[in-house]
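Peer 1: Test case, fold it:
(chains A and B)
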Protein chains: 2
Amino acid sequence: MNGAEALIRTLAGAGVELCFANPGTTEMHLVAALDAVGMRAVLGLFEGVCTGAADGYGRMADKPALLLLHLGPGFANGAANLHNARRARTPVVCVVGDHATWHAQADAPLKTDLESLAWPVSDWVHTAKCADDLSRDGANAFSAATAGPGAVATLIVPADCAWGATKGPLAVEPSHAGAAGVEEARIEAAATRLGRAGPRAALLLGARGLRRRGLDAAGRIAAASGCALLAETFPARMERGAGVPLVAKLPYFPEEATALLGGFETLVLAGAPSPVAFFGYPNLPSSLVPQGCAPLLLAEPRGDVEAALEALADALGGGRVGAAAQALAPTRPTGRLDATSLGAAVACVQPEGAIVVDEALTSALPWTLASLGAPPHTLLTLTGGAIGQGLPCATGAAIACPDRPVIALQADGSGLYTLQSLWTQAHEGLNVTTVVCANRHYRILRIELARAGIAQPGPSALALTAFDHPAPDWVALARGFGVPALRVETAETLCTALSRALGEPGPHLIEAVLEGPAQA
Amino acid sequence: MNGAEALIRTLAGAGVELCFANPGTTEMHLVAALDAVGMRAVLGLFEGVCTGAADGYGRMADKPALLLLHLGPGFANGAANLHNARRARTPVVCVVGDHATWHAQADAPLKTDLESLAWPVSDWVHTAKCADDLSRDGANAFSAATAGPGAVATLIVPADCAWGATKGPLAVEPSHAGAAGVEEARIEAAATRLGRAGPRAALLLGARGLRRRGLDAAGRIAAASGCALLAETFPARMERGAGVPLVAKLPYFPEEATALLGGFETLVLAGAPSPVAFFGYPNLPSSLVPQGCAPLLLAEPRGDVEAALEALADALGGGRVGAAAQALAPTRPTGRLDATSLGAAVACVQPEGAIVVDEALTSALPWTLASLGAPPHTLLTLTGGAIGQGLPCATGAAIACPDRPVIALQADGSGLYTLQSLWTQAHEGLNVTTVVCANRHYRILRIELARAGIAQPGPSALALTAFDHPAPDWVALARGFGVPALRVETAETLCTALSRALGEPGPHLIEAVLEGPAQA
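Peer 2: Prediction:
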């Protein structure tokens, strides 16, 4: 057995079922090992597709996929979506081939410092030293990736370690480090503070606190104490919809978030870090928590958030069931297609059990509001701010959950970053319906220009925030990758197209041409 | 004046004329500064397009473009083509926005260690400390980027440095460090060795040695000494064609390269490093130079290769003009379309002065041979092995040389990495004709599987090296980005389509469907 097979066999033994990959010459023995072990391989036509798919898969499967990438450039191509995965605390085992150990000194054209590239987007990095170490290295990578709730573990495998002879694989168990029970003192302190503050307190939920178990406990806490329920702005995975306790996401812009939090004297943190601004702005602080609102830690994002929430609900005497969102379908929209009618259309037709991947950015908010009473669904968002996450994440989520419909709410500018995802959706026959919110602008940057005091953008600023000449033809692009597609320009046709796409197996894409506000 | 304007004004004063960019919130003041200074901005819909375009521009313009990228993920998205630019020794000034200095500690979602990401693909990296330093930092970045022949200089600019008030710009001159004249002892040693070895010597040309001045000197050296002329396998920029001295590129596979070099007892290195294998293989050495063939350094890649070659030609008594390639058009191909007839078709129709960007990989060799006697043209190749370079590089070359036709010979798998380049070609109306060599496989990996001893690839190996189900429809993809396109399946229709595309302004794409060899 060679090192490659020992590594893949170790990972398969630990429960890794599939590999997202775009390999190269240095990974050929690892590719052969996939066949030797019988591990499923899914090709992405660009590494950012592979890493984003591993993120979406890991969020839904709660176990790591294997990634197989080629040297420094292959890793760099996938780094943005690994960054998102790391911020989502998704379990991922990323294996990167490197030059043979003895070839490194030759400074061949593809030589790079892979560890330097890997650390900024990984929680754990290791370079294998020899074939005999590979099963142990693989076991360690798996343990690191499954340290609760999850982490990005990057193992660099020089080619001679992969092709060298070695002994067999190692048995390995998932790690549960981090999810190590509940701290009683925190429960008591939170119970006391919530009991005293009542509706002047908010519970900010993040990480596993937004799964159904955590949300049900949060609903009981709110019912017992009167506190408000908030969610971090960009949850990795959040259950929502009719029957699920109602939780409002913290607003994106710092002024709005701070104003909201200013209404509370206590902010209990359950799986969410103390909130900070997405970007620094002149004369605004990093922290979104205003003076007069005291944060109190219940559970760290990597802790056992669900157990802590249940213990807090019990401490508050909550045998009661909390309030949940009412089933409520918005009125079927008609006429003009804009972010509001688009959001209503999706909320009207989305089926129970849908997985909604939201990278709609400036087009997202209306759907977020319209879908509060939609049939229960799972929301995956852009955790790390590295755009180009939506289409790959939807791809991976669909592979993890082949029986659930996946809806990708996709901004057009971000979607163009990793549009190659559509090919994998077509090749694998995945049940993904992509709705492209086509405004042909980086609309958020027009807003940010204004926020930066640039009231009259000049030609360069206009050129760098618009891509409407020519407007990308998403129908052609989707068909080019084998995904059936059509363009809609009214709310009625969007509703019809959505219903039809969701009713047919396989991927579909709908380009929803938005009438924007008058251009900024 | 704020720091951003001081920086951009410094760079503009040094001669930087345009900026390839995909900016975000942290770069809004830098974007506004482009307008304040009047610097042209070219948008790429993915950062890999911007960095590859800056590489192509720099190779042809011999001066740096400015890159403007957004934080760690934006930089990572562009890193692969920066790697290629670094290997090509292309002058590039890469400015990356980062969080405000005081916001870094907040660990906001987009926070990464940018220096760690930047070093592996940059020759020079610096993080600005304050607004007052930015003009000096920009001058230093420009000097680093123009240290002959060129280098990748990455300047990280925290947002508060960009928006902070400061004094005006700095005057700066291009650096010419590195190209510091000729070492007489090397000239004498090379002249002696070449004089003794005659046809048992080869001159291996790289870097500036492959420009016209270096090639003319090399032709005189060959005429005077009888030595063979070779070029590094992946030149950044090489002049070729009728009237230019004939130079054979060193073969890619190590066995072939070593066999070729085994025919010589002396290898004089003129701008090329001593050749090494692209990848390490079991039982093959890193060095391609066999025992019995002694390398001798004439000029380093970063040295004044042209002056060294001229001095050597003079030392050999060469007032003579060297032999040059004869004008020779291959027979116009007919019938079956494969790499051979494709190469002949391009060689038949390519006009004088064409810039040919070769990322055709396994489809490239026939064109390389067929075009030896084509009208004089410039060749740009994949210097760093990071695929996805061809379409962006062609885009940048066309911007640098609007009056020259650009032909992109493009492998389909690599082309799909950065197909968003087509939008920039359409938006800017660039004279790029892309010929996609559509074999719907990573053919090189089928070869590498066989080289690794995997004679019967299993289902995972087959799945990870083919993308023929569905076959990407390049005509649809190109039209989706606004580039006129058509598909050809015979050599005659390819010739006709090429002539038509080259005769019309603006970008065109031709999907040449190749009848492959029976699938490996």
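Peer 1: Do a quick rundown of the strands in the stretch 251-400 of chain A.
Peer 2: In the stretch 251-400 of chain A, the segments counted as strands under DSSP state E, counting those that start in this stretch are A:266-270, A:294-299, A:355-359, A:377-381.
Peer 1: The first one: partners in the sheet, and parallel or antiparallel?
Peer 2: Yep, that's strand A:266-270 we're talking about. In the sheet, strand A:266-270 lines up against strand A:201-205 (parallel), strand A:294-299 (parallel) (DSSP bridges).
Peer 1: Quick one: mean pLDDT over the last one.
Peer 2: In this case it means strand A:294-299. Strand A:294-299 shows a mean pLDDT of 96.
Peer 1: Would you mind listing the outside residues contacting it?
Peer 2: Strand A:294-299 is contacted from outside by A:182, A:186-187, A:189-190, A:193, A:203, A:209, A:265-271, A:274, A:289, A:305, A:308-309, A:312, using C-beta atoms under 8 Å, 6 or more residues apart in numbering or on different chains. From N, CA and C alone the C-beta is placed, and that goes for glycine too.
Peer 1: So which of the residues you listed belong to helices?
Peer 2: Applying DSSP state H to the contacts of strand A:294-299, the entries found in helices are A:Arg186, A:Ile187, A:Ala189, A:Ala190, A:Arg193, A:Val305, A:Ala308, A:Leu309, A:Leu312.
Peer 1: doesn't A:Val268 make contact with the fifth one?
Peer 2: Yes. Under the criterion of C-beta atoms under 8 Å, A:Arg193 lies in contact with A:Val268, with a separation of 6.9 Å.
Peer 1: joint contacts of the two?
Peer 2: What both A:Arg193 and A:Val268 touch, as defined by C-beta under 8 Å, 6+ apart, is the set A:Ala201, A:Leu296.
Peer 1: quick one: which of those two has more around it?
Peer 2: Between A:Arg193 and A:Val268, counting by other C-beta atoms under 10 Å in any protein chain shown, A:Val268 is the more crowded of the two (30 against 19).
Peer 1: before we move on, the earlier item: generate a PyMOL selection restricted to the buried subset of the contacts of strand A:294-299.
Peer 2: Those of these that count as buried under 16 or more other C-beta atoms under 10 Å in any protein chain shown are selected in PyMOL with:
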select buried, chain A and resi 182+186+187+190+193+203+209+266+267+268+269+270+271+289+305+308+309+312
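Peer 1: Tell me the confidence at the residue in chain A sticking out farthest from the centre?
Peer 2: Using C-alpha atoms, centre = their mean, the residue of chain A lying farthest from its centre is A:Ala106. It sits 39.0 Å away. Per-residue pLDDT puts A:Ala106 at 97.
Peer 1: what residues are up against it?
Peer 2: A:His99, B:Val276, B:Ala277, B:Gly280, B:Ser286, B:Ser287.
Peer 1: In a helix, A:Leu68, correct?
Peer 2: No. Assessed with DSSP: H, G, I helix; E, B strand; the rest coil, A:Leu68 is strand; it does not lie in a helix.
Peer 1: Tell me, how many residues neighbour it?
Peer 2: Counted by other C-beta under 10 Å, the residues lying close to A:Leu68 total 28.
Peer 1: Which strand residues bridge it?
Peer 2: A:Ala21, A:Val95.
Peer 1: Double-check it against A:Glu27; I have them as touching.
Peer 2: Yes. Counting by C-beta under 8 Å, A:Leu68 does reach A:Glu27; the two are 5.7 Å apart.
Peer 1: what residues do the two have in common as contacts?
Peer 2: Both A:Leu68 and A:Glu27 are contacted by A:Ala21, A:Gly97, under the criterion C-beta under 8 Å, 6+ apart.
Peer 1: backbone phi and psi for A:Pro169, please?
Peer 2: For A:Pro169, the backbone dihedrals are phi -80, psi 170 (criterion: degrees, to the nearest 10).
Peer 1: Check A:Leu30 too.
Peer 2: Torsion angles, degrees, to the nearest 10, at A:Leu30: phi -70, psi -40.
Peer 1: quick one: contacts for it?
Peer 2: Counting by C-beta under 8 Å, 6+ apart, A:Leu30 makes contact with A:Ala4, A:Leu7, A:Ile8, A:Pro23, A:Leu68, A:Val95, A:Gly97, A:Val157, A:Ala162.
Peer 1: likewise A:Lys249?
Peer 2: A:Lys249 sits next to A:Leu230, A:Ala231, A:Glu232, A:Thr233, A:Pro235, A:Thr368 when contact means C-beta under 8 Å, 6+ apart.
Peer 1: one more time with 6 Å, if that's ok
Peer 2: By C-beta atoms under 6 Å, 6 or more residues apart in numbering or on different chains, the contact set of A:Lys249 is A:Ala231, A:Thr233.
Peer 1: Provide the backbone phi and psi angles at it.
Peer 2: phi -80, psi 140.
Peer 1: how about the nearest residue to A:His441, chain neighbours excluded?
Peer 2: Leaving aside its sequence neighbours, A:His441 sits nearest to A:Ala466 (C-beta to C-beta, 6 or more residues apart in numbering or on different chains; 5.1 Å).
Peer 1: how many neighbours does that neighbour have?
Peer 2: Number of residues near A:Ala466 (other C-beta under 10 Å) recorded here: 22.
Peer 1: For it, give me the backbone phi and psi.
Peer 2: Torsion angles, degrees, to the nearest 10, at A:Ala466: phi -140, psi 150.
Peer 1: close enough to count as contact, it and A:Arg443?
Peer 2: No. Here A:Ala466 lies out of contact with A:Arg443, judged by C-beta atoms under 6 Å, at a distance of 9.6 Å.
Peer 1: quick one: buried residues of stretch A:330-350?
Peer 2: A:330, A:333, A:337-350.
Peer 1: In helices only, show me those residues.
Peer 2: Per DSSP H, the subset of the buried residues of stretch A:330-350 in helices is A:Ala339, A:Thr340, A:Ser341, A:Leu342, A:Gly343, A:Ala344, A:Ala345, A:Val346, A:Ala347, A:Cys348, A:Val349.
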